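[1] I would like the atomic coordinates for the input below:
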Amino acid sequence: MTAGVTLNQLIFDGSYLVALKATKDFLNLSTLLDAKTKNDVQFNVAKAYLMVATTEKNITVVDANITVLEKSLSDLKEVNK
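    Predicted structure coming up:
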C-alpha cells in the first residue's frame, strides 16, 4: 500500500517531471556535444592535412626557386668574366 502511494506521489510531483525533462535534455545535449566533438576532430584533421600539403607545395616551389637562382648566379658569373 505504501509503495502504491509513493508511486502516485512521484507521478503528481512536479519536481519529478522536471527532473525527467532535465534528464532528457541532458542526454540530448550530450549527444549534440558528442557530434560536435567528432565534427571538430574531422575539421582539425582536414586542416592539419591541408597545412602539410601546402607546406610540401611550398618546399617544391622553394626548391625550384633555388635552382633558378643558382642558374642565374652561374649565368651572371659567366657574364662578369
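[2] what strand or helix carries the residue nearest in space to the middle of the chain?
    For the chain, Asp40 is the residue whose C-alpha lies nearest the centre (CA atoms, centre = their mean; 2.2 Å). Under the criterion DSSP states H and E, the helix or strand holding Asp40 is helix 14-80.
[3] centre of the chain to that helix, how far?
    Offset of helix 14-80 from its chain centre (CA atoms, centre = their mean, to the nearest Å): 8 Å.
[4] list the helices and strands that helix packs on?
    If you count contacts as 3 or more CB pairs under 8 Å, 6 or more residues apart in numbering; DSSP states H and E, helix 14-80 packs onto no helix or strand. For glycine as for every other residue, the C-beta is placed from the backbone atoms N, C-alpha and C.
[5] so for that helix, mean pLDDT?
    Model confidence over helix 14-80, given as mean pLDDT, is 94.
[6] so how far is Ala19 from the residue nearest to the centre of the chain?
    With distances defined as CB to CB, to the nearest Å, the gap from Asp40 to Ala19 amounts to 31 Å.
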